[in-house]
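S.K.: need a structure here:
(chains A and B)
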Protein chains: 2
Amino acid sequence: MAPLLTPALQDTRQQLEALLEAHNLNAVRALLKTEHPADVADLLELLDADQQAAVFDLLESDMAAEVLDEINTRSTRGLVDAVSDEKIADLLEAMPVDDAAEILAELDEDRAEDILALMEPEEAADVGALLAYPEDTAGRLMSTKVVRLKAEWTVEETLRYLRTIDPEVETLAYLYIVNGSEQLVGVVPLRDLVLAPPDRRLAEIMNPSAISVRVDTDQEEVARLVAQYDFFAVPVVDAGGRLVGVITHDDVVDILQDEFTEDIQRLGGSEPLEDEYLSTPVLSVTRKRIGWLLVLFLTEMLTGTVMRFFEHELEAAVALSFFVPLLIGTGGNSGSQATSTIIRAIAVGEVKLKDTWRLLWHEMRTGFLLGVLMGAVGFVRALTWGSSIALSLTVSASLFTIVLWANVIGSLLPPLAARLKIDPAVISGPVMSTLVDATGLFIYFMLARLIIGV
Amino acid sequence: MAPLLTPALQDTRQQLEALLEAHNLNAVRALLKTEHPADVADLLELLDADQQAAVFDLLESDMAAEVLDEINTRSTRGLVDAVSDEKIADLLEAMPVDDAAEILAELDEDRAEDILALMEPEEAADVGALLAYPEDTAGRLMSTKVVRLKAEWTVEETLRYLRTIDPEVETLAYLYIVNGSEQLVGVVPLRDLVLAPPDRRLAEIMNPSAISVRVDTDQEEVARLVAQYDFFAVPVVDAGGRLVGVITHDDVVDILQDEFTEDIQRLGGSEPLEDEYLSTPVLSVTRKRIGWLLVLFLTEMLTGTVMRFFEHELEAAVALSFFVPLLIGTGGNSGSQATSTIIRAIAVGEVKLKDTWRLLWHEMRTGFLLGVLMGAVGFVRALTWGSSIALSLTVSASLFTIVLWANVIGSLLPPLAARLKIDPAVISGPVMSTLVDATGLFIYFMLARLIIGV
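M.R.: Numbering: from 1, shown residues only, chains lettered A, B, ... in the order given. Predicted structure coming up:
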């Protein structure tokens, strides 16, 4: 999913820039009025901070609230700094409670408290209640505006009741039924309600085993449930089973995106950042990266041990060293290819732990083919580079063996991690390369002894 | 998202295995009856092929259809092979049209045609129509069972009409309004319909600028729209603007997952597979990987050129070569850390192209800090390894420079790719390591000349 704007939006962007250049603010207001808030947010992100604040000031309050909700964290902070606390408080009141809480969580604590104090007491209490839950839990993500129905109501009564409710209720996709103690006892999809005869009671059409999450459930667990059962909203209950909120479709897509971002950062050999990249201070980025970098550095020192062990060979034929980066590089690359595919296959459930041997067999055959191809290419290349036949043979045989070996290691490590209850994504490309480097060198020098006889 | 079963499901699994062991098939039937089809699919995936077929045979047809829809491709093929064409045809008829098409697309063409011939002519025509669209387009993903409403209807008329429709209609989340030529003219969320006064006409409450995709729109584009606008269903129109279907929430989550899978495979330095991993023949896996492996191999040969260029230094001090894998490994690792983070930040739109210089500045500072730390660690390690002070200094200065350099390259390449309209995900860990290897070596040997004076 590329970050590029659609052609239509590119046009709007050019018009916007021209109008800003000409300081024609009325025309800017008219131009943006008809755009989707998500698109306006994208356009704002392309402007510099002063322009962002000026354009944001032109937006009507509904649009401004939605844009503030859609725009990236860095721009949120910029806009909030450029706009008065009163105005921000008004905008947050116009937003779903969970989104307002999310924005406040992105600000400095002092600023957030000042703004919270300026909001209507009721709204402020709702937002404050969400902020009291730990980050990354269901409680933090949920909307507390949820419709509570009674099992004894008929379909017609329910439809009549729904017409009277707070229009701020965030989702009606699923309707939740509670008992006298506010405990969740069932769920009816709105669709079923609409399709059911008007005199039917909810008790007859509801599903009494509604799957729910608890306020303290981790958001990763929420995402797993949603993906597993194809939900687009999940009810949230407290420790006593009372319905306290609902997590809606848009939040679920956001969680999926967040989880995926973490996976990608892990695969790159870094601990996941907690915030958007450019909003994360350099010191925090460094802290997230140095751990793995050091671990890999210490492991990689094994390569030095192997090279020293074969010091005699290296002194006798310095040309041997010319191929070292090439060989370990190719091993690391083909190991990374294997692990990244397998890690993902495990994550989406395509591959189970019981498939470990099947994985190994698949990768051994793939590694064999890749090894033969790379070995052949390597032999020709070493010869045309003026290496001796013996050296060329050594390079070729090493390429074959190292590629095969890297695929074997690459297929075994992710299931091993899963078995040890470690996220397989920690078997990143860097981890893979590092492990293959020292063993690959050992293979190379042993083959050199055998073939060249140095 | 780990592939592990929940504790409750682990229990069920153990019970299932015990019952199968005891050949108590009636108890197996009773056990699975109350489970969610998605969970039953997960449990089946853990069994061997014979057991899968035996258990599948016990399921009631509604459950069997849903399990067939949820289970992974490899198991689908196994089950379809073990069950008669007639039964499969019946199951496919019980499924949403788009899911039936998806399953047929996973089978051999001959088998799929045999099964299609056994289905009810009307159902078969619907499924066949979807299969006629190219893979990965909106046409292939959509459900053709969609409700078409008229703008002049009142809310009450519409609610009455909805009670009479085909219960197989897949989604009612959004209701689509068409004109006399079947062209899409507006959309009303079911929620708005329910909340509106009964005598209001749809024309008054509908949104006349419904965003739609065309049957030939690529699924990636569909996913982008959905993520951008927080949709959970998108109408599909033909070239004449006529409403032909709808893509629903569950398909959208599937597309997002597919796109993630492709990105991860690219980041691992492989072309994305078109199918599930274990269902992809070894030859196809090899073909997807060999391209990049060769390109990287040829690029990596630059390292040999650099090493030869410094042959004199290497002969004079063979100890120099001991640090080669360590230095280029560390460079590749820190470059991968930078690119993976930045690629993802670009993909989710956190970072725009205009942020390129800001990115560079962020990574230069991070690289500086990481470089200082790694340089210090490297100096101590080289000394304690018995290297001379001059060599230790060389290693330390090289680590600093290479890490800084890798972060600079790592921050510039993804935006460069985006600017050239190449998916930034092709700047994989392997690409990064390969580029840093040769330049890193050059830095190392130049510093060795300068500091050691070999």
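S.K.: need the strands for the stretch 201-350 of chain A, in chain order.
M.R.: A:213-214, A:233-237, A:243-248 (DSSP state E, counting those that start in this stretch).
S.K.: want to throw these into TSV with mean pLDDT?
M.R.: What follows is the strands of the stretch 201-350 of chain A, written out as TSV (pLDDT from 0 to 100):
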stretch	mean pLDDT
strand A:213-214	92
strand A:233-237	90
strand A:243-248	90
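S.K.: will you turn those strands into CSV that also has distance to B:A54?
M.R.: C-beta here means a position set from N, CA and C on the backbone, and glycine is covered the same way. Formatted as CSV, the strands of the stretch 201-350 of chain A follow (distance: least, C-beta to C-beta, whole Å):
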stretch, distance to B:A54
strand A:213-214, 34
strand A:233-237, 34
strand A:243-248, 38
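S.K.: can you put the ones you listed in CSV and add distance to chain B?
M.R.: Below are the strands of the stretch 201-350 of chain A laid out as CSV (distance: least, C-beta to the nearest C-beta, whole Å):
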stretch, distance to chain B
strand A:213-214, 12
strand A:233-237, 9
strand A:243-248, 9
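S.K.: Reformat those as TSV; add mean neighbour count.
M.R.: TSV is the format used below for the strands of the stretch 201-350 of chain A (neighbours: other C-beta atoms under 10 Å in any protein chain shown):
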stretch	mean neighbour count
strand A:213-214	19
strand A:233-237	24
strand A:243-248	25
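S.K.: chain center to the helix or strand where A:E102 lies: distance?
M.R.: Using DSSP states H and E, A:E102 sits in helix A:97-106. The chain centre lies 19 Å from the centre of helix A:97-106; the measure is C-alpha atoms, centre = their mean, to the nearest Å.
S.K.: Now that helix: buried residues?
M.R.: Within helix A:97-106, the residues that count as buried by 16 or more other C-beta atoms under 10 Å in any protein chain shown are A:97-104, A:106.
S.K.: Quick one: list the elements packing against that helix.
M.R.: helix A:61-70, helix A:73-82, helix A:85-93, helix A:109-118, helix A:121-131, helix A:138-141 (3 or more C-beta pairs under 8 Å, 6 or more residues apart in numbering or on different chains; DSSP states H and E).
S.K.: Residues in contact with the third one: which ones?
M.R.: When contacts are taken as C-beta atoms under 8 Å, 6 or more residues apart in numbering or on different chains, the neighbours of helix A:85-93 outside the stretch itself are A:61, A:64-65, A:68, A:80, A:100, A:103-104, A:111, A:114-116, A:118-120, A:123, A:127.
S.K.: Check the longest one too.
M.R.: Here helix A:121-131 makes contact (C-beta under 8 Å, 6+ apart) with A:92-93, A:97-98, A:100-101, A:104-105, A:112, A:116-117, A:119, A:139-140, A:142, A:144.
S.K.: Identify the farthest-apart pair in those.
M.R.: Greatest spatial distance among these (C-beta to C-beta): A:A117 and A:M142, at 23.5 Å.
S.K.: Between those two, which has more neighbouring residues?
M.R.: The neighbour count for A:A117 versus A:M142, taken as other C-beta atoms under 10 Å in any protein chain shown, is higher for A:M142 (27 against 11).
S.K.: so where is the stretch 351-454 of chain A shaky, pLDDT-wise?
M.R.: Applying pLDDT under 70 to the stretch 351-454 of chain A picks out no residues at all.
S.K.: That one: helices as residue ranges?
M.R.: Ranges of helices within the stretch 351-454 of chain A are A:356-384, A:389-419, A:429-451, based on DSSP state H, counting those that start in this stretch.
S.K.: Tell me which residues of the last one come out buried.
M.R.: Going by neighbour count (16+ other C-beta under 10 Å), the buried part of helix A:429-451 is A:429-445, A:447-448, A:451.
S.K.: ok, now which ones touch the spatially closest residue to A:I264 that is not a sequence neighbour?
M.R.: Sequence neighbours aside, B:R344 is the residue nearest to A:I264 in space, at 4.6 Å (criterion: C-beta to C-beta, 6 or more residues apart in numbering or on different chains). Under the criterion of C-beta under 8 Å, 6+ apart, the contact list for B:R344 reads A:260-261, A:264-265, A:277.
S.K.: Between those, which sits nearest B:T299?
M.R.: Using C-beta to C-beta, A:I264 is the member of the contacts of B:R344 that lies nearest B:T299, at 23.4 Å.
S.K.: which residues does the closest one contact?
M.R.: With contacts defined as C-beta under 8 Å, 6+ apart, the neighbours of A:I264 are B:263-264, B:267, B:340-341, B:343-344.
S.K.: Closest to chain A out of those?
M.R.: Nearest to chain A among the contacts of A:I264 is B:S340, at 2.4 Å by C-beta to the nearest C-beta.
S.K.: Quick check: that closest one touching A:P272?
M.R.: No - B:S340 is beyond contact range of A:P272, at 10.5 Å (criterion: C-beta atoms under 8 Å).
S.K.: Comparing the two, which residue is more hemmed in?
M.R.: Using other C-beta under 10 Å, the more surrounded residue of B:S340 and A:P272 is B:S340, with 30 against 17.
S.K.: Could you dump the helices of the stretch 351-454 of chain A into CSV and include distance to chain B?
M.R.: As requested, these are exported to CSV (distance: least, C-beta to the nearest C-beta, whole Å):
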stretch, distance to chain B
helix A:356-384, 4
helix A:389-419, 7
helix A:429-451, 3
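S.K.: how about the ones you listed, which one is nearest A:G241?
M.R.: Among the helices of the stretch 351-454 of chain A, helix A:389-419 comes nearest to A:G241, with 32.6 Å by C-beta to C-beta.
S.K.: from the stretch 301-450 of chain A, which residue is nearest to chain B?
M.R.: Nearest residue of the stretch 301-450 of chain A to chain B (C-beta to the nearest C-beta) works out as A:S340 at 2.4 Å.
S.K.: My read is that that residue contacts A:G268, right?
M.R.: No - counting by C-beta under 8 Å, A:S340 stays clear of A:G268, with 10.6 Å between them.
S.K.: hey, what's in contact with both of those two?
M.R.: When contacts are counted by C-beta under 8 Å, 6+ apart, A:S340 and A:G268 have A:429, B:267 as shared neighbours.
S.K.: I appreciate the help and will end here.
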